[in-house]
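S.K.: Sequence and predicted structure are below.
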Amino acid sequence: MAEKILGIDYGEARTGLAVSDALGLLANGIGNIEERDINRLINKIAEKAAELGVGKIVLGHPVNMNGTLGPKSEKVKKLAERLKEKTGLQVVLFDERCTTMAAHQFLNETNTRGKKRKGVVDTLSAQIILQNYMDSQR
């Protein structure tokens with residue numbers, strides 16, 4: 001049986017989370033963590049990973065459209081290292097190009113606006129990152 005995976009779309013103010021089903025087939029958005037302090041964010045993610053019983057973490061890796069890595073990529077790499085230390089789990093960086101764009105496109109199609117949209121875009125991005133990762137592993 002496959003292990004559950006936690007998907008993360010890291011943001012400076014809000015970090016979206018998603019979790020896979022036990023078979024590793026479907027990603028489900030499970031909300032956001034609103035936290036600017038990186039240490040508290042790491043603790044909250046570690047608590048969530050333990051609570052969900054996940055065996056792996058997939059972290060959206062911000063790669064520029066031309067394939068280069070910028071300052072945000074360095075932040076995410078450091079976050080991945082610290083999450084690995086804190087949880088003892090494998091942390092996989094997965095190219096997140098176009099996921100936020102895809103999330104906004106979906107929210108446009110479903111006519112999700114205003115505060116509701118702001119609250120779900122990060123969760124939906126995490127769900128897309130995780131689903132793309134799982135699909136790439138098949």
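M.R.: Structure received.
S.K.: going forward, measure contacts between C-alpha atoms and count neighbours the same way
M.R.: Will do.
S.K.: buried ones in the biggest helix by length in the chain?
M.R.: In the chain, with assignment by DSSP state H, the single longest helix is helix 114-136. By 16 or more other Cα atoms under 10 Å, the buried positions in helix 114-136 come out as 117, 119-134.
S.K.: any low-confidence regions in this protein?
M.R.: Residues of the chain meeting the criterion pLDDT under 70: 1.
S.K.: now G67, what's its secondary structure?
M.R.: Using DSSP: H, G, I helix; E, B strand; the rest coil, the structure places G67 in coil.
S.K.: And it, how close does it get to T99?
M.R.: 15 Å (Cα to Cα, to the nearest Å).
S.K.: all strands of the protein, in order?
M.R.: 5-9, 14-20, 27-34, 56-61, 90-95 (DSSP state E).
S.K.: Out of those, which one sits most buried?
M.R.: Greatest average neighbour count among the strands of the chain goes to strand 5-9 (a mean of 29), per mean count of other Cα atoms under 10 Å.
S.K.: now stretch 50-58, how far from the centre of its chain.
M.R.: Mean-position distance between stretch 50-58 and its chain equals 12 Å (Cα atoms, centre = their mean, to the nearest Å).
S.K.: For it, give me every contacting residue.
M.R.: Under the criterion Cα atoms under 8 Å, 6 or more residues apart in numbering, residues 3-8, 89-94, 129-130, 133 lie in contact with stretch 50-58.
S.K.: Looking at G67 and T99, which has the bigger crowd around it?
M.R.: A count of neighbours by other Cα atoms under 10 Å puts T99 above the other of G67 and T99, at 22 against 10.
S.K.: who's in contact with the residue nearest to the more buried one when sequence neighbours are not counted?
M.R.: Of all residues not flanking T99 in the chain, S125 sits nearest, at 5.6 Å (Cα to Cα, 6 or more residues apart in numbering). The contact partners of S125, by Cα under 8 Å, 6+ apart, come to D9, G16, T99, T100, A102, A103.
S.K.: How about E12?
M.R.: Counting by Cα under 8 Å, 6+ apart, E12 touches E35, R36.
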